[in-house]
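1. Let me see the structure of the following:
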Amino acid sequence: TANAPIIGTDANGRVNEWNNKAADLTGYSKVEVEGRYLVRDFITDDFKKPVNVLLRKALRGQQTDNFEFPFVTKSGERVEILLNATTRRDTTGKVFGVVGVGQDITELKRGQAELTRVANDLRLLIDTANAPIIGTDANGRVNEWNNKAADLTGYSKVEVEGRYLVRDFITDDFKKPVNVLLRKALRGQQTDNFEFPFVTKSGERVEILLNATTRRDTTGKVFGVVGVGQDITELK
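-> Okay, the predicted model is just below:
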């Protein structure tokens, strides 16, 4: 009745434990799996070797925690399992098999995949945006520099990443106000339509109109500043 799939094998890798949750999750009843080889009959080819390694380790008395592997259900669906595998011993201490207690992390993995997709989409959006996007960490070091920023300034992302934005790239007369802007953003205060000059790699002066805002992680903690700008040199 445990609300987690529990799967056991004997010393030869044949299934001898298969609880109700394992049956619900996989679509295979205990009768259908009992006595069959777990790895050979139910594990996808790309995971047969690592699951065999896990079973052999458990038979030697070595526990494995948080092992992730896919299981193809009776209906052909793929479910993702997070398993803790441990040795099974009889009353004399003799090893007679392996038992694994799992969790179905399929939805979690789907969520992670979706987050990765969204992050990749955002990365593409930032990189290809038709506006300079510049980001700094909490110490003022550059950690975001999109293609438009590189085109506008002549500095590639590789050249600027990790360097101090204000110290290394802002003209002396604007170092103080840009520092004030960054500190405000780190306190959660957005700044709109801030104008400042930027001297390009070739020595030209370009005028930037910047909106600066706080960058936060998924917990809401501030980790930097991002600014989206416009080149207003021609307007000046």
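2. For the rest of this, base every contact and every neighbour count on C-alpha atoms.
-> Fine.
3. buried ones in the helix or strand of the chain with the lowest mean pLDDT?
-> Sorting the helices and strands of the chain by mean pLDDT, DSSP states H and E puts helix 106-128 at the bottom, at a mean of 75. Within helix 106-128, the residues that count as buried by 16 or more other CA atoms under 10 Å are I126, D127.
4. got it, and stretch 12-29?
-> Of the residues in stretch 12-29, 13-23, 25-29 count as buried by neighbour count, 16+ other CA under 10 Å.
5. Also stretch 91-100?
-> Applying 16+ other CA under 10 Å to stretch 91-100 flags V95, G97, V98, V99, G100 as buried.
6. Same question for stretch 150-158.
-> So for stretch 150-158, counting by 16+ other CA under 10 Å, buried means A150, L152, T153, G154, Y155, S156, K157.
7. Out of those, which is nearest to F47?
-> Nearest to F47, judged by CA to CA, of the buried residues of stretch 150-158 is K157 at 39.1 Å.
8. so which strand or helix has D65?
-> strand 64-72 (DSSP states H and E).
9. Which is the succeeding secondary structure element to that strand?
-> strand 78-89.
10. in that following strand, what counts as buried?
-> For strand 78-89, a neighbour-count test (16+ other CA under 10 Å) marks V79, E80, I81, L82, L83, N84, A85, T86, T87, R88 as buried.
11. So in that sheet, which strands flank the helix or strand that that strand is followed by, and in what orientation?
-> Later in the chain than strand 78-89, the nearest helix or strand by DSSP H and E is strand 95-104. Strand 95-104 pairs in its sheet with strand 6-10 (antiparallel), strand 78-89 (antiparallel), by DSSP bridges.
12. which residues touch strand 95-104?
-> Contacts to strand 95-104, defined as CA atoms under 8 Å, 6 or more residues apart in numbering, come from residues 4-13, 17, 25, 55, 58-59, 61, 79-90.
13. can you do 6 Å?
-> Applying CA atoms under 6 Å, 6 or more residues apart in numbering, the contact partners of strand 95-104 are 4-11, 80-89.
14. now swap in stretch 166-174 and tell me
-> K175, F198.
15. which parts of it are buried?
-> For stretch 166-174, burial by neighbour count (16+ other CA under 10 Å) applies to V166, F169, I170, T171.
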